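1. my questions are about this predicted structure, shown below with the sequence.
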Amino acid sequence: MKKTKTVHPKETHKPKRAFITGITGQDGSWLADFLLGMGYEVHGLIRRASSFNTERINHIYQDPHIHGVHLFLHYGDLSDSSGLFKLLSQVKPDEIYNLGAQSHVRVSFDQPEYTGEVTGVGTIKLLEAMRETCPKARFYQASSSELYGGLDCPPKGYTEKSPFHPRSPYGVAKLYSFWAAKNYREAYGLHISNGILFNHESERRGETFVTRKITRAIGRIKVGLQKSLYLGNLDAKRDWGDAKEFVKAMWMMLQQKTADDYVIATGKTYSIKEFLEVSFGYAGLDWKKHVKFDERYLRPSEVDYLLGDASKAKKAFGWHNETTFEQLVERMVDHDFELAKKEKKSVS
Ligand code: NAP
Ligand code: F7E
């Protein structure tokens, strides 16, 4: 495959304009940091909430009354197609990143219909708005390793050619979005790419996902705010990467001349138990003394094993991960220890 030259937006006069759904989430916030750093004008879709939901992007927020602002936030929702139409026709973005979703696998079993509406049908609403208002834009769809379902994994990991077998309402909704994105590419010749991303984590990860739940608990145990950590299945294995590196792959996909689908993964897999050993060990604690089982965290059908093979992305545009599993875990533990110290100070 031929590598295509990428033009740094700062080299051009007019800044490129990106539109991000899910900008307040883990990936959206890292992507906004990255694109602003590349000289983009960034527009983000945020949900109206009764309390602030912009914690992850507060550091880049600028008062829109100030001249030369590069970040713009717009109220909207993936379930509201007329709002999406209006926004895209006003913003006229060059690049659209669809990261918005009900993204929690366990919760999708409790809210299957809502997950289908937002994580599945929401994508086609955004695709339609793009087709009608800015068909020249490039579109990134946040697809997921949950599409594979953990069955019959090849020895080197799942590739773009591996069959899908989703095991949750979340996975099923993402499957719909994957095919919607691919269909709009084929049917209308639009520049739409699916990034099939394996699990990626960071200090901005939501606190109910297992890695952050563990590192938050470690910090709180260290400062005496918590004693036990309740978890479900410790035997599942995940290919965990660094979210900061993974969002760069999203952008790289959209710089390619031709749209395509790419697996993004580290090629290494670890169990929850191994995560516990490394994280508690780094903090000088014995996880077996603190971790307790709670069946509430089990799923009606589990994805037991995920390993990804990102060779296609490496060959096409040179993406590869650099942060090791241990470095990622240590960064999260350090961050959450500092956070727990502040928490302790505020309660004492
Ligand atoms: P996340 O932290 O859960 O963020 C999800 C974002 O979607 C939040 O900004 C959330 O807004 C927004 N959102 C939720 N419902 C919405 C709605 N109805 N309309 C508009 N926005 C809505 O997820 P993430 O980890 O950053 O993941 C980003 C995307 O990649 C998601 O689509 C996820 O499914 C997918 N993905 C993630 C991983 C991973 O390992 N992280 C791997 C593969 C794929 P609020 O802040 O207001 O809740
Ligand atoms: O679970 C097990 C759980 O919720 C990982 C999302 O970003 O990545 C994420 O989905 C594993 C599972 O992530 C607890 O059973 C044990 O086997 O951190 P998680 P996930 O389900 O892999 C994919 C790629 C996405 O696309 C999703 O959007 O950990 N586990 N005990 C637990 N999980 C949680 N959450 N909480 C527990 O107490």
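-> On my side now, so go ahead. Ligands and ions are numbered 1, 2, ... in the order given.
2. count the residues that sit near residue 152.
-> Neighbours of residue 152 under the rule other Cβ atoms under 10 Å: 11. Backbone N, C-alpha and C define where each C-beta goes, glycine included.
3. can you start the count at 8 instead of 1 from here on
-> Renumbered: residue one is now 8, and that last one reads residue 159.
4. quick one: secondary structure of it?
-> coil (DSSP: H, G, I helix; E, B strand; the rest coil).
5. can you pull the pLDDT of it?
-> pLDDT for residue 159: 95.
6. just residue 13 next, same as before
-> For residue 13, pLDDT reads 55.
7. counting neighbours, what do you get for residue 143?
-> Count around residue 143 with other Cβ under 10 Å applied: 10.
8. now it: how far from ligand 2?
-> Noted for residue 143: a distance of 29 Å to ligand 2, by Cβ to the nearest ligand atom, to the nearest Å.
9. which residues does that residue contact?
-> Applying Cβ atoms under 8 Å, 6 or more residues apart in numbering to residue 143 gives the contacts residue 101.
10. can you confirm it is in a strand?
-> No: counting by three-state DSSP, residue 143 falls outside a strand, being coil.
11. quick one: it and residue 193, what's the gap?
-> From residue 143 across to residue 193, the span is 17 Å (Cβ to Cβ, to the nearest Å).
12. get me the contact residues on the stretch 58-207 of the chain for ligand 2.
-> 110, 112, 113, 151, 152, 153, 205, 206 (Cβ under 6 Å from any ligand atom).
13. which of these fall within helices?
-> Among those, DSSP state H puts 112, 113 in helices.
14. farthest pair within the residues of the stretch 58-207 of the chain next to ligand 2?
-> Spanning the widest gap among those are 113 and 205, at 17.9 Å by Cβ to Cβ.
15. which residues does the residue of the chain found nearest ligand 1 contact?
-> Of the residues in the chain, the one nearest ligand 1 is residue 32, at a distance of 2.1 Å by Cβ to the nearest ligand atom. Residue 32 is in contact with 63, 106, 107, 110, 213, counting by Cβ under 8 Å, 6+ apart.
16. quick one: which helix or strand includes the residue lying closest to the first one once chain neighbours are set aside?
-> So that's residue 63. Take residue 63 and drop its neighbours on the chain: the residue closest to it by Cβ to Cβ, 6 or more residues apart in numbering is residue 36, 3.7 Å away. According to DSSP states H and E, residue 36 maps onto helix 33-44.
17. kindly export that helix (C-alpha atoms) in PDB.
-> In PDB, the C-alpha atoms belonging to helix 33-44 read as follows (Å, rounded to 0.1, in the frame of the first residue of the first chain):
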ATOM      1  CA  GLN A  33     -12.200  10.500  27.100                       C
ATOM      2  CA  ASP A  34     -11.300  10.300  23.400                       C
ATOM      3  CA  GLY A  35     -13.100  13.400  22.400                       C
ATOM      4  CA  SER A  36     -11.100  15.500  24.800                       C
ATOM      5  CA  TRP A  37      -7.700  14.000  23.700                       C
ATOM      6  CA  LEU A  38      -8.700  14.400  20.100                       C
ATOM      7  CA  ALA A  39      -9.600  18.100  20.700                       C
ATOM      8  CA  ASP A  40      -6.200  18.700  22.400                       C
ATOM      9  CA  PHE A  41      -4.500  17.100  19.400                       C
ATOM     10  CA  LEU A  42      -6.400  18.900  16.700                       C
ATOM     11  CA  LEU A  43      -6.100  22.300  18.400                       C
ATOM     12  CA  GLY A  44      -2.300  21.600  18.600                       C
END
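18. quick one: contacts of it?
-> 25, 27-30, 49, 51, 63-64, 67, 77-78, 104, 106-107, 149, 207, 209, 211-213, 250-251, 253-255, 257-258.
19. just read off the phi/psi values of the residue of the chain closest to ligand 1.
-> Phi and psi for residue 32, reported as degrees, to the nearest 10, are phi -90, psi -180.
20. can you check residue 156 too?
-> phi 80, psi 0.
21. quick one, what contacts it?
-> Residue 156 neighbours (Cβ under 8 Å, 6+ apart): 171, 172, 173, 174, 178, 310.
22. what's around the last one, how many residues?
-> What it means is residue 310. 22.
23. packing partners for the strand or helix carrying residue 260?
-> Assessed by DSSP H and E, residue 260 sits inside helix 250-261. If contacts are counted by 3 or more Cβ pairs under 8 Å, 6 or more residues apart in numbering; DSSP states H and E, helix 250-261 sits against helix 33-44, strand 102-105, strand 145-151, strand 198-204, strand 207-208, strand 268-271, helix 318-324.
24. most tightly surrounded among these?
-> strand 207-208 (a mean of 28; mean count of other Cβ atoms under 10 Å).
25. ok now the helix holding residue 36, how far from the chain's centre?
-> 11 Å (Cα atoms, centre = their mean, to the nearest Å).
26. got the angle for it vs helix 250-261?
-> Here helix 33-44 runs at an angle of 70 degrees relative to helix 250-261 (axes from the mean of the first three to the mean of the last three Cα atoms, to 10 degrees).
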